[in-house]
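Participant: From the sequence below, what's the structure:
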Amino acid sequence: MQNNLRDENMDRMFQAILKLDTLDDCYALFSDLCTVNELLSMKQRFWVATLLRKGYIYSDIVEITGASTATISRVNRSLQYGDGGYSRVLDDEEQEQ
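Facilitator: Numbers count the residues shown, from 1 in each chain. Here you go, the predicted structure:
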């Protein structure tokens, strides 16, 4: 994560997220914390990351998700050069299947 984002309040928020036990708890917190559009954008980026990891090409991802090529490119850069967040959760998800 970018160092300029990390502070005590961000740490507190993430600690609170880590304490959530159920899917309903996640829905409740995130629906209070984020707008519907923010949540839909996060969902779309996560979906794009999943498809990129599975080897889908941009044009197919656009058609499947409705994401712009700019969004797909941003997610791809995060997968390739980011902090490893997508890879960590996608690896865990793949191992659970």
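
Participant: mind showing which ranges of the chain have poor pLDDT?
Facilitator: For the chain, residues meeting the criterion pLDDT under 70 lie at 1-2.

Participant: Identify the residues contacting the longest helix along the chain?
Facilitator: Ranked by residue count under DSSP state H, the longest helix found in the chain is helix 36-53. Helix 36-53 has contacts (Cβ atoms under 8 Å, 6 or more residues apart in numbering) with 30-31, 34, 60-61, 64-67, 71-72, 74-76, 78-79, 86, 90. Quick note: C-beta positions are derived from backbone N, CA and C, even for glycine.

Participant: can you do 10 Å?
Facilitator: The contact list for helix 36-53 (Cβ atoms under 10 Å, 6 or more residues apart in numbering) reads 27, 30-31, 33-35, 56-58, 60-62, 64-68, 71-76, 78-80, 82, 85-87, 89-91, 93-94.

Participant: again, but for stretch 16-30
Facilitator: Contacts for stretch 16-30 (Cβ under 10 Å, 6+ apart): 13, 33, 38-39, 42.

Participant: Where do the helices of the protein begin and end?
Facilitator: Under DSSP H, the chain gives helices at 8-18, 23-33, 36-53, 58-65, 69-81, 85-96.

Participant: returning to that earlier point: now compare the contacts of stretch 16-30 and name the two farthest from each other.
Facilitator: For these, the farthest-apart pair by Cβ to Cβ is Met13 and Leu39; their separation is 15.5 Å.

Participant: Most neighbours of all the contacts of stretch 16-30, which one?
Facilitator: Leu39 (14 neighbours; other Cβ atoms under 10 Å).

Participant: Could you break the chain into its assigned domains?
Facilitator: With domains defined by automatic domain parsing, the chain comprises 1-33, 35-96.

Participant: Pick the most deeply packed of those domains.
Facilitator: domain 35-96 (a mean of 14; mean count of other Cβ atoms under 10 Å).

Participant: Now do the end-to-end distance for that one.
Facilitator: Domain 35-96 stretches 30 Å from its first residue to its last (Cα to Cα, to the nearest Å).
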